[in-house]
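Chemist: Could you look at this predicted model? Sequence included:
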Amino acid sequence: MGSNKSIGRKMIDFFSGWERIRVVLLGSKGSGKTVFLTSVGDQLRHQVKEKFLKDWTISFDPGEDNKVQEEAAKSGIPVFKFQESRASFSNGEWPEKTQDWSVHTVPFTIGKDKDKKRILLEMLDLPGERVADFAMINQSYQQWCSWMETSFGGVTGFSTHFKNYLKRLRNFGDDEEGKEAAISAYKDYLAAEYVSYSLSLTPSIVKLGRDGKQRSGNKEQFRDALKEIPVGISNDLQFIPLPRESFDKGSPHYKWITDFSKGYEAYKKDVIMPIVSWCSDVNSLLYFVNVLDLLNRGPEVYNSEKKFAEEVFRFFRHKEEQNILLKPFMLIKDWFVTYVDSVYVVATQSDRVCDQGNEMIGLAYQMLKEVVGRFELEDGKTNFLSCAAVDTSDEYEDGTISAQTKDGLKQYKPSNVPQEWPPSDKWSPGSFAWPNTFPRIDKRADRPPNQKGLDAIIRRVLSL
Ligand SMILES: Nc1nc2c(ncn2[C@@H]2O[C@H](COP(=O)(O)OP(=O)(O)O)[C@@H](O)[C@H]2O)c(=O)[nH]1
Ligand SMILES: [Mg+2]
């Protein structure tokens, strides 16, 4: 087994008796992170040797697991509700979206001949939207404001909504009423931006809540809900971005800065730092793409997700670039960067099509090869893969599959996955359609669901 850990981490591992491996699962809502987390947890807890890591023996000790889960709960990061999620598989359902970000820790021993290791696999389920707040790392309120303005407003920024918001701010007086109006204008902006995938939807708490519970509905419903939702951790600790000119002592909004800074710092400390410090020492980044869903939804959603992925990846860098001598300078240049040592892109839900995993990988590759290429990782530290974390279908030689759909058990021929993303003028939403399928009902709790491709992913993650 390979290892590429920092000396500090090696020491911690040595004293705790565990080799800790950290993974961030990143992807937009519905890309399959929760299902993956549940299935992997189950495969490791109840290894079926012919089907999962067959040249290795995995043993799992429930008593030890209890201790580990108790420890994890103390960290302040939500603990993944494994049992609940796993139980939904048994009932032929998908896990509910009640908790959208959490850490799943699985302790196990893996061995081959005399080579045995106690591994603590820690996987963070991170909704892409939360990454919007990563720009706050190592930035003061003033620096963050200026970053927001440059990225989304001003001459260079790409959000007309943000430019609009900055313009509206000028109309508001410097009193309490003016401040309320400014916060409300920012909420209008958030609602306008809500429909697009954008890192400008920050603080992400407005959309994800504190523990990742997604607010849904259309733009109007979202704006309506925002009436009750503070922009920050509480009504007294709200903050909104202000343009650079507000930081001049003579500016009318200068006196809001003290309060907004306070709200900003509290938000950073409470909501963002626990996640970011968790992410500061990550082995692998797994980026999930729901290729089939993107094909179904058409070019507009594809483009916005692609751009979103590009923005999100800017917050991650390859660990080896972290040169200690250069670090003081890097802090200025890359204030908000998280380091990883391998990046894998995973095209999910391959069981919904028949034997077309390679086509799915091809599409994910076309979409993300440039962003992933920027990491300049060596061979083996980056890959494009596909999986069906829960394989819901049986495949037949004539290219048909049979699976449980919302209309019951159906045998059908799924559409072909194209070799390339279609050109925009020939691709409208709905030109492809793959039915949603459901897990097969199986009440046995000691047998993990069938899967495809998890083996290859986990071998890389564990450096087997
Ligand atoms: N057929 C199939 N559907 C899946 C699979 N993984 C996820 N899905 C579907 O995608 C939905 C969203 O998955 P989830 O893991 O909750 O996505 P998340 O938002 O990224 O955590 C599920 O409710 C399923 O409908 C899979 O392996 N096979
Ligand atoms: Mg989820």
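Modeler: Now that the structure is in, tell me what you want to look at. Being a predicted model, the structure only gives us computed values, none of them experimental. Ligands and ions are numbered 1, 2, ... in the order given.
Chemist: in the chain, which helix has the most residues?
Modeler: The longest helix of the chain (DSSP state H) is helix 176-194.
Chemist: Buried residues in that helix, which are they?
Modeler: For helix 176-194, the neighbour count (16 or more other CB atoms under 10 Å) marks 178-179, 181-187, 189-194 as buried. Where you see a C-beta, it was placed from the backbone N, CA and C, and this is true even at glycine.
Chemist: For G92, which non-adjacent residue is closest in space?
Modeler: Leaving out its chain neighbours, the residue that sits closest to G92 by CB to CB, 6 or more residues apart in numbering is I441, at 4.0 Å.
Chemist: one step back: let me know the closest of the buried residues of helix 176-194 to ligand 2.
Modeler: Of all these, ligand 2 sits closest to Y194, with 19.1 Å by CB to the ion.
Chemist: Hmm, that closest one is touching K219, no?
Modeler: Yes - distance between Y194 and K219: 5.6 Å, which falls inside the contact criterion (CB atoms under 8 Å).
Chemist: Check the offset of the helix or strand A456 falls within from the chain's centre.
Modeler: For A456, the element it lies in under DSSP states H and E is helix 454-461. Distance of helix 454-461 from the chain centroid (CA atoms, centre = their mean, to the nearest Å) equals 18 Å.
Chemist: Count the neighbours of the nearest residue to G128 once chain neighbours are set aside for me.
Modeler: Closest residue in space to G128, ignoring its immediate chain neighbours: S28 at 4.7 Å, by CB to CB, 6+ apart. If you count neighbours by other CB atoms under 10 Å, S28 ends up with 21.
Chemist: What does the residue in the stretch 151-300 of the chain that ligand 2 sits nearest to show for phi and psi?
Modeler: Here the residue of the stretch 151-300 of the chain nearest ligand 2 is G212; by CB to the ion that distance is 7.9 Å. Main-chain torsions, G212, degrees, to the nearest 10: phi 90, psi 10.
Chemist: ok, it - contacts?
Modeler: Contact analysis of G212 by CB atoms under 8 Å, 6 or more residues apart in numbering lists P78, Q99, D100, W101, S102, P127, R130.
Chemist: Closest one to V345 out of those, please.
Modeler: Using CB to CB, P127 comes nearest to V345 of those, at 17.1 Å.
Chemist: one step back: the residue nearest to G128 and L126 touch, don't they?
Modeler: No - contact criterion CB under 8 Å: S28 and L126 do not qualify, at 10.9 Å.
Chemist: near ligand 2, which residues of this protein?
Modeler: K33, T34, D100 (CB under 5 Å from the ion).
Chemist: In helices only, show me these.
Modeler: Those of the residues of the chain next to ligand 2 lying in helices (DSSP H): K33, T34.
Chemist: so which of the residues of the chain next to ligand 2 also contact ligand 1?
Modeler: With CB under 6 Å from any ligand atom as the criterion, these include K33, T34 near ligand 1.
Chemist: Name the residues that touch the longest helix of the chain?
Modeler: In contact with helix 176-194 (CB under 8 Å, 6+ apart) are residues 159, 161-162, 164-165, 168-169, 172, 200-201, 206-207, 219-220, 222-223, 226-227, 231, 238, 240-241, 253, 256, 259.
Chemist: Next: stretch 40-50.
Modeler: 52-53, 57-58, 60, 65, 80, 82, 86, 89, 104, 106, 108, 121, 123, 389, 446-449, 451, 454, 458.
Chemist: Quickly check: it near ligand 1 or not.
Modeler: No - under the criterion of CB under 6 Å from any ligand atom, stretch 40-50 makes no contact with ligand 1; the nearest approach is 11.2 Å.
Chemist: Okay, now that stretch: how far is its last residue from its first?
Modeler: 15 Å (CA to CA, to the nearest Å).
Chemist: buried set for that stretch?
Modeler: Buried, per 16+ other CB under 10 Å, within stretch 40-50: V40, G41, D42, Q43, L44, R45, H46, Q47.
Chemist: Residue numbers of the stretch 351-464 of the chain in contact with ligand 1?
Modeler: Residues of the stretch 351-464 of the chain lying near ligand 1 (CB under 6 Å from any ligand atom): D351, R352, A388, A389, V390, T392, N436, T437.
Chemist: ok, now which ones touch the last one?
Modeler: Pointing back at T437 there. T437 touches D351, R352, T392, S393, A403, Q404, T405, counting by CB under 8 Å, 6+ apart.
Chemist: Kindly provide the distance from it to P449.
Modeler: Using CB to CB, to the nearest Å, one gets 12 Å for the distance from T437 to P449.
Chemist: Going by neighbour count, which of the contacts of helix 176-194 are buried?
Modeler: Applying 16+ other CB under 10 Å to the contacts of helix 176-194 flags 159, 161-162, 165, 168-169, 172, 200-201, 206-207, 222-223, 226, 231, 238, 240-241, 253, 256 as buried.
Chemist: Check whether L462 really touches I21, as I assumed.
Modeler: Yes - counting by CB under 8 Å, L462 does reach I21; the two are 6.4 Å apart.
Chemist: Need the residues touching each of those two.
Modeler: With CB under 8 Å, 6+ apart, L462 and I21 have common neighbours I119, L121.
Chemist: so which strand or helix has P414?
Modeler: Following DSSP H and E, one finds P414 outside all helices and strands.
Chemist: make that L120, sorry
Modeler: Taking DSSP H and E as the criterion, L120 maps to strand 115-127.
Chemist: Let's see the helix or strand following that strand as CSV, backbone CA atoms only.
Modeler: Remark: after strand 115-127, the chain's next helix or strand is helix 141-152, criterion DSSP H and E. What follows is helix 141-152, C-alpha atoms only, in CSV (Å, rounded to 0.1, in the frame of the first residue of the first chain):
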residue,chain,number,x,y,z
TYR,A,141,-14.4,41.0,5.7
GLN,A,142,-12.9,43.8,3.6
GLN,A,143,-10.8,41.5,1.5
TRP,A,144,-13.8,39.3,0.9
CYS,A,145,-16.0,42.3,-0.2
SER,A,146,-13.3,43.3,-2.6
TRP,A,147,-13.1,39.7,-4.0
MET,A,148,-16.9,39.6,-4.4
GLU,A,149,-16.8,42.9,-6.2
THR,A,150,-14.1,41.9,-8.6
SER,A,151,-15.5,38.4,-9.3
PHE,A,152,-19.2,39.3,-9.7
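Chemist: All good on my end, thank you.
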